[in-house]
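Asks: Build me a model from this:
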Amino acid sequence: MHKTTLEQWSLLEKVVELGSFAKAAEETHRSQSSVSYNLSLLQERLGVPLLVPEGRRAVLTPAGELLLSQVKPLLKAFSYVETRAATLRNGTRTRLDLVVDSIFPRRRLFAILRQFQHMYPQTQVRLTEVLENASSEIVNAEADVMVLTRRQDITGLGEWLMNIDFVAVAHRDHPLFALPAPLNDEMLRPWPLIQIADNQQAARTGGESWTFSTIDAAIEAVMYQVGYGWLPEERIQPQLEQGVLKTLALSHGARRATPLHLIVKRALTPLDEQVETLLHLFRQEP
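Replies: Below you'll find the model as predicted:
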């Protein structure tokens, strides 16, 4: 058995926070003698002084500071467990499964998740990023909410959410920029087209294509002058602003738009509060 209890450490934290035994007793709804007794017992069992008087305040000794700093994460974790138990008892959702196409803007995605976490700290979001034509086993695996390029999935109906702009780019030192603009298909043909798995809207007619399984890998391939490609404008904004990547002046099709749709699992009827909130956050203008 442990010599000390979480209750004793919690009282120590409260005394340090409020500066006195009397205030800690009032805050925790117990007598001052009870607080004093528990902290005396804590120090006795540890064999180390944790508190010393400083004027009218009780402050930590160096040993007290060290030990309390190590205990604080345990107190926080224990508080989390109790709160989680309360949500289970009240029937509140404790997990939400979210599937998002990897072309969705990362900055906007994490802003949404941050807002949701602040509103529902006890609801865990399990995020899975996929490419458009990822295997149905991943996309259709009991996701509650999905953001995908397809409008309808076997698990639910979707609504248009936004368009993702892809722009034709190459490294600033790529030989394509030495050719007279605008560039046509024949002028592009000698150079490898960098594609993101099956995310491109149309297959290339002739010429060499290199396919990468992630957006990041495709971006790096273009950065290292392996070829040129249509990349999500939002993801390469820093490289465009720095001038490392430049847009290609094409005779047609320099920009392509891919729609994303917000899909909710059919079984979630009626929608619970957390799902409704997440949908609202996605629908908000960035």
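Asks: buried stuff in stretch 93-113?
Replies: 96-105, 109, 112-113 (16 or more other CB atoms under 10 Å). To be clear about C-beta, it is placed using only N, CA and C from the backbone, and glycine gets the same treatment.
Asks: where does the stretch 151-286 of the chain have low pLDDT?
Replies: 151-157, 198-207 (pLDDT under 70).
Asks: ok, then the element right after the strand or helix carrying Arg114?
Replies: In this assignment (DSSP states H and E), Arg114 forms part of helix 106-119. Counting by DSSP H and E, the element after helix 106-119 in chain order, helix or strand, is strand 124-130.
Asks: Tell me the confidence at the residue most central in space within the chain?
Replies: Nearest to the geometric centre of the chain sits Phe110, at 4.4 Å (CA atoms, centre = their mean). pLDDT recorded at Phe110 is 96.
Asks: Repeat that for Ser135.
Replies: Value listed for Ser135 in the pLDDT field: 48.
Asks: still on that earlier bit, closest one to Asp173 out of the buried residues of stretch 93-113, please.
Replies: Ile103 (26.5 Å; CB to CB).
Asks: would you list every one of the helices in the stretch 151-286 of the chain?
Replies: With helices called from DSSP state H, counting those that start in this stretch, the stretch 151-286 of the chain shows them at 185-188, 215-223, 237-242, 273-283.
Asks: Pick the most deeply packed of those helices.
Replies: helix 215-223 (a mean of 18; mean count of other CB atoms under 10 Å).
Asks: Who are the packing partners of it?
Replies: Applying 3 or more CB pairs under 8 Å, 6 or more residues apart in numbering; DSSP states H and E, we find helix 215-223 packed against strand 156-171, strand 193-196, strand 209-212, strand 228-232.
Asks: for the first one, which positions count as buried?
Replies: Using 16+ other CB under 10 Å as the burial criterion, the residues of strand 156-171 that qualify are Gly156, Gly158, Leu161, Met162, Ile164, Phe166, Val167, Ala168, Val169, Ala170, His171.
Asks: Repeat that for stretch 117-133.
Replies: For stretch 117-133, burial by neighbour count (16+ other CB under 10 Å) applies to Tyr120, Gln122, Thr123, Val125, Glu129, Val130, Leu131, Glu132.
Asks: Go through the residues you listed and say which is closest to Pro49.
Replies: Gln122 (37.6 Å).
Asks: Touching, that closest one and Thr92? I think so.
Replies: Yes: with contact defined as CB atoms under 8 Å, Gln122 reaches Thr92; the gap is 6.9 Å.
Asks: With distance to Glu13 as new columns, can the helices of the stretch 151-286 of the chain be given to me in CSV?
Replies: Shown next, in CSV, are these (distance: least, CB to CB, whole Å):
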stretch, distance to Glu13
helix 185-188, 66
helix 215-223, 43
helix 237-242, 43
helix 273-283, 31
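Asks: looking at these, which is closest to Val35?
Replies: Closest to Val35 of the helices of the stretch 151-286 of the chain is helix 273-283 (CB to CB; 38.6 Å).
Asks: Outside of that closest one itself, which residues are in contact with it?
Replies: Applying CB atoms under 8 Å, 6 or more residues apart in numbering, the contact partners of helix 273-283 are 92-93, 96, 98, 112, 115-116, 119-120, 123, 144-145, 147, 161, 262, 264, 268, 271.
Asks: same thing with stretch 44-57?
Replies: Contact with stretch 44-57 is made by 3-4, 12, 15-16, 19-20, 39, 42-43, 58-61, 63-64, 67-68, as judged by CB under 8 Å, 6+ apart.
Asks: So which of those residues are in strands?
Replies: Mapping these onto strands (DSSP state E) picks out Ala58, Val59, Leu60.
Asks: Narrow those to those that are buried.
Replies: Buried among those (16+ other CB under 10 Å): Ala58, Leu60.
Asks: want to try a markdown table for the helices and strands packed on helix 215-223, with distance to Arg283 as columns?
Replies: Formatted as a markdown table, the helices and strands packed on helix 215-223 follow (distance: least, CB to CB, whole Å):
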| stretch | distance to Arg283 |
| --- | --- |
| strand 156-171 | 7 |
| strand 193-196 | 26 |
| strand 209-212 | 31 |
| strand 228-232 | 20 |
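Asks: Quick one: closest of these to Gln32.
Replies: strand 156-171 (58.0 Å).
Asks: Mind listing residues that contact stretch 182-194?
Replies: When contacts are defined by CB under 8 Å, 6+ apart, stretch 182-194 is touched by residues 174-176, 179, 204-210, 212, 218, 221-222, 226-229, 231, 248-251.
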